[in-house]
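Asker: pasting the sequence and the predicted model now:
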Number of protein chains: 4
Amino acid sequence: MNGYQHLFIPGPTNVPEPVRQAMNLPMEDMRAPDFPGFVTGLLTDLKKAYRMETGRVFVFPSSGTGAWESAIQNTLQPGDKVLMSRFGQFSLLWVDMAERLGLDVELCEVDWGKGVPLDDYARILAADTDHKIKAVFATQNETATGVTSDIAGVRAALDACDHPAMLFVDGVSSIASIEFEMEKWGVDLAVSGSQKGFMLPAGLGILGVSEKALEANKALAGSGMARCYFSFEDMIKLNDTGYFPYTPATQLLRGLRCSLDMLLETGMESVWARHHRLAGGVRAAVAAWDGCELVAHGPEWASDTVSAIYVPQGVDARDVISGAYYKYQTSLGTGLNKLMGKAFRIGHLGSLNPVMLCGAISAAEMALVDAGAQIVPGSGVAAAQAHFRDTTPATVAAPAKAA
Amino acid sequence: MNGYQHLFIPGPTNVPEPVRQAMNLPMEDMRAPDFPGFVTGLLTDLKKAYRMETGRVFVFPSSGTGAWESAIQNTLQPGDKVLMSRFGQFSLLWVDMAERLGLDVELCEVDWGKGVPLDDYARILAADTDHKIKAVFATQNETATGVTSDIAGVRAALDACDHPAMLFVDGVSSIASIEFEMEKWGVDLAVSGSQKGFMLPAGLGILGVSEKALEANKALAGSGMARCYFSFEDMIKLNDTGYFPYTPATQLLRGLRCSLDMLLETGMESVWARHHRLAGGVRAAVAAWDGCELVAHGPEWASDTVSAIYVPQGVDARDVISGAYYKYQTSLGTGLNKLMGKAFRIGHLGSLNPVMLCGAISAAEMALVDAGAQIVPGSGVAAAQAHFRDTTPATVAAPAKAA
Amino acid sequence: MNGYQHLFIPGPTNVPEPVRQAMNLPMEDMRAPDFPGFVTGLLTDLKKAYRMETGRVFVFPSSGTGAWESAIQNTLQPGDKVLMSRFGQFSLLWVDMAERLGLDVELCEVDWGKGVPLDDYARILAADTDHKIKAVFATQNETATGVTSDIAGVRAALDACDHPAMLFVDGVSSIASIEFEMEKWGVDLAVSGSQKGFMLPAGLGILGVSEKALEANKALAGSGMARCYFSFEDMIKLNDTGYFPYTPATQLLRGLRCSLDMLLETGMESVWARHHRLAGGVRAAVAAWDGCELVAHGPEWASDTVSAIYVPQGVDARDVISGAYYKYQTSLGTGLNKLMGKAFRIGHLGSLNPVMLCGAISAAEMALVDAGAQIVPGSGVAAAQAHFRDTTPATVAAPAKAA
Amino acid sequence: MNGYQHLFIPGPTNVPEPVRQAMNLPMEDMRAPDFPGFVTGLLTDLKKAYRMETGRVFVFPSSGTGAWESAIQNTLQPGDKVLMSRFGQFSLLWVDMAERLGLDVELCEVDWGKGVPLDDYARILAADTDHKIKAVFATQNETATGVTSDIAGVRAALDACDHPAMLFVDGVSSIASIEFEMEKWGVDLAVSGSQKGFMLPAGLGILGVSEKALEANKALAGSGMARCYFSFEDMIKLNDTGYFPYTPATQLLRGLRCSLDMLLETGMESVWARHHRLAGGVRAAVAAWDGCELVAHGPEWASDTVSAIYVPQGVDARDVISGAYYKYQTSLGTGLNKLMGKAFRIGHLGSLNPVMLCGAISAAEMALVDAGAQIVPGSGVAAAQAHFRDTTPATVAAPAKAA
């Protein structure tokens, strides 16, 4: 009766109505004779969203974390050396996983607010003349800090020294939202999840795998890390028949069919452009707020899917988040780890629009003022409005009724 | 994929999640042996929302217009004299219906922006010493102009001269939203619909009927205006057994059970207070917009469920509405009849909250500026924010998850 | 947790999954600039289901009873003579309405179990040489007795004597289920509702109107019976712009769009054939039950949408219905009026299939035996199975997933 | 438009309406300040369904297979000796996983149709005087053969020789359906999934863990098998705060809250009794079919959640399954592995009722006859009807509307 609960975290994102409708369904037989047709079409079309023509996409009933684990288990061996960088809570957790799974991590520590250090990567790779480094990891979008890294740049660093290492990308909060080119960028393993750009509930870990990574898996010949649930071999065997090695999450798969149709019909470039436009509104608001600034160190790092925002000195970001939630029915993202209390986040990916963001910015403004920030109320919304007005598409299509 | 389509018209209103869930159901047998228990409980509880302990509430598969027709058909005769007033599109349509159904209408014309003229009513009723006037009609909330009339005042005018006329109230956009007291105010026939304060899809005409009006119906003894579908007699006969004279709209009835539970659990006074708070935010925004003003002639007339807003000179309100719809995915209410082009409306009733209204106000601001209005962007949102911050309930309950 | 509640009444019928999904939606603006496109397409396509190329279809927020009332109010005058026949609860109620609305009814009483008496109609019409009879009424499918009448035969009777009377058809439980040809049969007013062959919740009264009936309405020039809510004039005026004279039941309209798409894509002939096949299974079961028989007097009257079934002597049909409901979670139709206690009904229209009917027949068998009937358990199911096996379409398409 | 697609596989099972309604929801913030209250209540109540007062239940976004993997990874070490038995496709897969994860499996091969060999287990455990066997595995319900094993008997075998091995139970198709007593039977790790007795879509792996198993996990002190996604340590750390180590599948958790409420309100004993009654109907039908028999070797092995049924000699079970699917819109379970072509399965767990099963049995009968079986059509349904009539609860409660 009190209206929408506003959701502006960087995932789960808002589910579009057609997807919600598609998931309102009775259960079905995942061994039905016509199920393979559905599965095969879905996996094929997922490759389009990943921008790949060769290789495979796997879909696990799991979170994105499961897809991380699968990527490592199936292509690397304990003791393998890998190059990683850490600049936020999620890149930190990925390093932690790599170490727990027995990898030998060469780690670049980076200030939170920046992303993958291309120069360091280039230097280290060039120095690795005997190719001990088996894989290079890059978090494309660090969800904790709102920082986007240059994956094409990582590829360039690899190519510059003809390094054969595989390229692992965490694209959980980037794929299907901002530019991502699996094949053009030579990405070998790309992790995503259902609850971000794919605009679904959480529950699917999605993993793009290049031909090269598939070869790496084959080369293990079943040895390497122990694996069953996340095994490529099992998944390949069954996917090739149109089925899964265990009961798939059919409700989410039907939802994915719908969201994928929406994405592909719109066109990925257009999806990326939409996220860029929306992000601009939030960034305009932040710029208008006295004493606030992005955690991202400059526009070259600022993410189009999530903004992490430092609150003014003397303000506790937790009060902003708690006030927004309890007083204004709005979920903002928390400041994770070393950002706790210092920053809050606005997720701006998935199914949303300028007026929703004006609401989110208003909620943040009210909560900031309540928490003691000396910002000018309405200043952020005004700046966002100006941005949205300036960037209105020339020809605005009639709004799709149920979208 | 483009987020919510924002709905800020004065009905249909936004459906709360629990109600939407309750209506996601298979069909049922409306002659099942346990259906009467459901129906009887529902009709009983509807009386609580109407604030009546005696009399009845009827629920028709129809719009509110059908309930208007039922009220007249069942208690008046062709040629009966009735007192009405006209000050907006909906009071106008009600007069039109009364005349087409053969009533002899004594009509008070009132400037659009004001409501029921109590002095005129008092004068006319006092002069009607032989009680030719059989019914007095009052539109509690004129949805077209955002004007609320004083129903207790109409009752006082009747009582002042001991006039026995029945009191008809159009409460379509007021009942279950703003103060309405069927019994305390001596209302005899009160019309509502499902798609406003009851927060349901359109499809139910709801009619509160006092004991006095039931007596008037009985006195007709089946004569008077021809009626079947909207007949009180048929409805009473079947409702007394817990059924309906024809197939009821069970999906909406199940939804109504849910929304009624929400309303009664919250308490009607609290529902009214919530609408007053929300309306204040919109009025603050309008006050901040240069050249805009409410159609309502002063705060005593301003409605808590809908605001009709004059756009500045030289601006066409249709451009505002069209721009909001096509560019900002926001439905604002049109200016009806003589307000066309001059005013737009923001509906602020039903299931909504301050952040939603900040979004609506932002959409209106952007569309106003696009249409040439010289308002300060963000000024309305800032004023609304200040209002909402000042009026935040002292103890904010944790947000109900699915509400 | 106890599985489906089985619904085998002759409406509301089971809602197909795509329709249920389509109705799981937020509210929308019924005055939006792109709403007319939707409305116009819907009304145009409804004519295809009615099999008419000229004339109009009106959709009222009401039950089918409202559409009955509209048909009469808008084309006839009090005192007009009409020819009707009565052979079940619904034809009985229609006569009652006609009389209450002031028509002069020439009534043919017919045994319950038969339908429209063509010979009597022919005789009466031939004798009416000065054409005092303004309209002939025919209930195509008497839902209470499971009897289908010959509408083409009524047309033939009219044509045989060149009688100009309008032809009114109650098609509530026939249109969109069994053969109905508005234009070919020269029907002038044809009433239907959303909750039968259109497979939606109750809440829409649907009325097909021929050019001739529209002329009759025009000829009234606004005089005749008082009408507002169900007025053709108001509806035509607004429908011509793509809108409605009052808030339409948009949720049901969106559902109707979906069900209509399903019907037209399948093809009406195929829809009719499917109902004929399903009905055959029920009739085979009844034939196998000792002591039971159809209320319909022979195969020429038996309906393809509902079977009314006499229980054996000494058995109370109310026990069968109550037992099916409470013990076997199955809603069967009651015996109405003079059939109370003597017969129960199985609705077999809308979205259903042979296995559902085998369940329904099983429920009826168990309830019959519990109530003391000496039938052979399983005999009905076996007979139905044989029928369904014999009539399986040669090429069975893969089942549509969400249908 | 063709009615329900009938689902009679042993999972995913039919979702009850209230659960479906509960899952029709917008996304929510899994880091919201009031989310822990929800999570803690859910995990606590899951223990009631598992019948445990100490220990923990973990919920992973995964299938049941993932919970299998978690159980092994977190409590055993590569090279550990375990006792297992193999008598169907799922016990076979579990053995395969154990071997791939590096366990040293002592394997009892058992005829398909029987279950855990208590005598063999007793003998082997008694002989293992130096307690090399670290864990004993038992598939409580072999979904492929419809065989239920005696878990209390396995416990007795362990106790008889005071053997300290942990007891692992695969309860995927038994927990929340048939008797399961985690604590009374001394089960240490019990695997389940959302899509069986919990009546939800697939997507949650559920794992009950005893105090003893938690100690075993602690004793590993982070060593042992590599694990992250399915790590007990990570899950415990976050669950203790009411959160999860990664984004949980909130939609399914909300659904689980609803289904768990239904289960606990009904009472587990009553849930088990209901499954026993329903299974009896299917077994009666099989007994009535000439040439068919259960795969289970006698009533002591027959499962109350799924029946695997040998088709008569000369009939190909694949034709039965395919015919049921394509001609009768009914999903039956396939014969897996060595049962392929020889048997089909009817799942009878979760949300269903006698009339649904009469439909399923009818579908099977028609498909059997079509495939050449010489059974008497209707014989199975008649036998099932007799069973259901004989076992109707004395006092039948009114059917819950939305259940």
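Answerer: Cool, got the structure.

Asker: now the strands for chain A?
Answerer: A:6-8, A:56-61, A:81-86, A:104-109, A:133-139, A:141-142, A:147-148, A:166-170, A:189-193, A:204-209, A:293-294, A:306-310, A:330-332, A:343-347 (DSSP state E).

Asker: just these: most buried one?
Answerer: strand A:141-142 (a mean of 32; mean count of other C-beta atoms under 10 Å in any protein chain shown). The C-beta positions use only the backbone N, C-alpha and C, and glycine is treated the same way.

Asker: beta-bridge partners for residue A:190, please?
Answerer: Bridge pairing for residue A:190 (DSSP bridges) gives the partners residue A:169, residue A:208.

Asker: isn't it right next to residue A:176, touching?
Answerer: No. In this structure residue A:190 lies outside contact range of residue A:176 using C-beta atoms under 8 Å: 11.0 Å.

Asker: reformat the strands of chain A as TSV; add mean pLDDT.
Answerer: Converted to TSV, the strands of chain A look like this (pLDDT from 0 to 100):
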stretch	mean pLDDT
strand A:6-8	98
strand A:56-61	98
strand A:81-86	98
strand A:104-109	98
strand A:133-139	98
strand A:141-142	98
strand A:147-148	98
strand A:166-170	98
strand A:189-193	98
strand A:204-209	98
strand A:293-294	98
strand A:306-310	98
strand A:330-332	98
strand A:343-347	98
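
Asker: next up, the contacts around the most centrally placed residue in chain A.
Answerer: For chain A, the residue nearest the mean C-alpha position is residue A:173 (1.2 Å; C-alpha atoms, centre = their mean). Neighbour list for residue A:173: A:10, A:11, A:141, A:143, A:196, A:197, A:303, A:305, A:306, A:349 [criterion: C-beta atoms under 8 Å, 6 or more residues apart in numbering or on different chains].

Asker: if you set the cut-off to 6 Å instead, what comes out?
Answerer: Residue A:173 makes contact with A:10, A:141, A:143, A:196, A:305 under the criterion C-beta atoms under 6 Å, 6 or more residues apart in numbering or on different chains.

Asker: so where do the helices sit in the stretch 51-200 of chain A?
Answerer: A:64-75, A:89-100, A:118-127, A:151-160 (DSSP state H, counting those that start in this stretch).

Asker: could you do the stretch 251-400 of chain A as well?
Answerer: Under DSSP H, counting those that start in this stretch, the stretch 251-400 of chain A gives helices at A:268-288, A:317-328, A:354-370, A:379-390.

Asker: who wins for proximity to residue C:36 among these?
Answerer: helix A:354-370 (23.9 Å; C-beta to C-beta).

Asker: show me what that closest one is in contact with.
Answerer: By C-beta under 6 Å, 6+ apart, helix A:354-370 touches A:8, A:281, A:285, A:320, A:323-324, A:328, A:330, A:346, A:375, A:377, A:380-381, A:384, A:388, B:3, B:6, B:328, B:330, B:355, B:358-359, B:362-363, B:381, B:385, B:389.

Asker: cool, and stretch A:5-19?
Answerer: Contacts of stretch A:5-19 (C-beta under 6 Å, 6+ apart): A:143, A:173, A:195-196, A:199, A:202, A:255, A:258-259, A:306, A:329-333, A:346-347, A:349-352, A:360, A:402-403, B:1, B:355, B:399, D:27, D:29.

Asker: report the buried members of those residues.
Answerer: A:143, A:173, A:195-196, A:199, A:202, A:255, A:258-259, A:306, A:329-333, A:346-347, A:349-352, A:360, A:402-403, B:1, B:355, B:399, D:27, D:29 (16 or more other C-beta atoms under 10 Å in any protein chain shown).

Asker: which parts of chain A sit against chain D?
Answerer: With C-beta under 6 Å from any C-beta of the partner chain as the criterion, chain A meets chain D at residues A:7, A:9, A:12, A:15, A:24, A:27, A:29, A:31, A:61-63, A:65-66, A:69, A:97, A:100-102, A:195, A:201-203, A:226, A:228-229, A:246-247, A:249, A:251, A:331, A:334.

Asker: of those residues, grab the buried ones for ChimeraX.
Answerer: Filtering those down to the buried ones (16+ other C-beta under 10 Å) takes a single ChimeraX command:
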select /A:7,9,12,15,24,27,29,31,61,62,63,65,66,69,97,100,101,195,201,202,203,226,228,229,246,247,249,251,331,334
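
Asker: which ones are touching residue A:212?
Answerer: Neighbours of residue A:212 in contact, by C-beta under 6 Å, 6+ apart: residue A:188.

Asker: hmm, residue A:229 is touching residue D:68, no?
Answerer: No. Using C-beta atoms under 6 Å, residue A:229 is not in contact with residue D:68, being 8.0 Å away.

Asker: list residues touching both of the two?
Answerer: By C-beta under 6 Å, 6+ apart, no residue touches both residue A:229 and residue D:68.

Asker: excluding chain neighbours, what is closest to residue A:205?
Answerer: Nearest residue to residue A:205 in three dimensions, chain neighbours excluded: residue A:67, at 3.5 Å (C-beta to C-beta, 6 or more residues apart in numbering or on different chains).

Asker: now do the one you found, the pLDDT please.
Answerer: Looking at residue A:67, its pLDDT is 98.

Asker: go on, the one 3 residues further on?
Answerer: Listed pLDDT for residue A:70 reads 98.
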